[in-house]
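K.L.:
Sequence and predicted structure, then a few things I'm wondering about:
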Amino acid sequence: MAGPVRVSFVGTGDAFGSGGRLQTCIHVAGPGASYLLDCGCSSLVGLRRSGIAPEQIDTVIISHLHGDHFGGIPFLLLDGQYLSKRTSPLAIIGPQGLQKQVAAALAALYPGTLEDGVAFPVTYQELQPGQTLCHGDLKIRAWRMQHGGSDRALGVQVDGCGKRIAYTGDTEWNENLPLLAAGADLLICECFQYDQPTASHLDYMTLLEKRGQLDCRQIVLTHAGDAVLQRQDALEFPLADDGFVLDL
């Protein structure tokens, strides 16, 4: 179903809280869809600041299993069980091992609290590189990214509500990024460094050099480290702050 799509950058920071920013959490809402791209540990804080009700989120799509990208899921489940008294289903989609990692995080953070499950339906779906997954009105496709030693870091492309949104997750430049960006109305791109190519992460100067390979309508940067934040007024691409909203 085509219609207006609102992208809310709930959290735009890195793992270190550079610039006092919350960890990665991006909310996308349109007719029949309300989903998150990543859900870092501070996501509930950001959602409440943004006026987004956690219980209205129907899907969470996780790029990779680092705490600043998936660590908010236990808090989302706790909110649904004890505070918002959620009844609607929640789908959690991400790389191999996602459900096991969420269970481990719950056991470490709140031992015994949700051992008997929650009172609302929760489903987990694994997303493999090269796979296209149809979930409700969403079509989700994944590409393998290069992020440290992980072989489970994904970039995701989501088609829904007549728009295509691509999200890099965390990655250094690789040959799959042009495929991920192809035809996107919006590419949400991590940019941790400014001019220091770094294993595991993109830097601004490399992205600027390679822009011609990215066939997308617009790019918004996120996950900035201190070096990028110190130069944000000189960037040619918009850098999202916590609370930044973009209508497509």
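P.N.:
Cool, got the structure.

K.L.:
what's near enough to touch V60?
P.N.:
35-36, 39, 73, 76, 90-94 (Cβ atoms under 8 Å, 6 or more residues apart in numbering). Every residue, glycine included, has its C-beta placed from N, CA and C.

K.L.:
I'd like a version of the residues you listed in TSV, one that adds neighbour count, distance to K139 and secondary structure as further columns.
P.N.:
Below are the contacts of V60 laid out as TSV (neighbours: other Cβ atoms under 10 Å; distance: Cβ to Cβ, whole Å; DSSP: H, G, I helix; E, B strand; the rest coil):
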residue	neighbour count	distance to K139	secondary structure
Y35	23	12	strand
L36	27	17	strand
C39	33	21	strand
I73	26	23	helix
L76	24	23	helix
L90	21	19	strand
A91	18	14	strand
I92	21	17	strand
I93	23	12	strand
G94	29	16	strand
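
K.L.:
Nearest to G19, out of those: which one, please.
P.N.:
Among these, C39 lies closest to G19 (Cβ to Cβ), at 20.0 Å.

K.L.:
where's that closest one relative to D203, distance?
P.N.:
According to Cβ to Cβ, to the nearest Å, C39 stands 25 Å off from D203.

K.L.:
can you check D14 too?
P.N.:
Look at D14 and D203: by Cβ to Cβ, they are 13 Å apart.

K.L.:
overlap in contacts of these two?
P.N.:
Common neighbours of D14 and D203 (Cβ under 8 Å, 6+ apart) are F192.

K.L.:
Run through the helices of the chain in chain order.
P.N.:
Taking DSSP state H to define them, one finds helices in the chain at 43-49, 67-70, 73-78, 98-109, 177-181, 204-210, 226-229.

K.L.:
Dump these to CSV, plus mean pLDDT and distance to V118.
P.N.:
What follows is the helices of the chain, written out as CSV (pLDDT from 0 to 100; distance: least, Cβ to Cβ, whole Å):
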stretch, mean pLDDT, distance to V118
helix 43-49, 97, 15
helix 67-70, 96, 17
helix 73-78, 98, 6
helix 98-109, 96, 10
helix 177-181, 97, 33
helix 204-210, 94, 40
helix 226-229, 95, 38
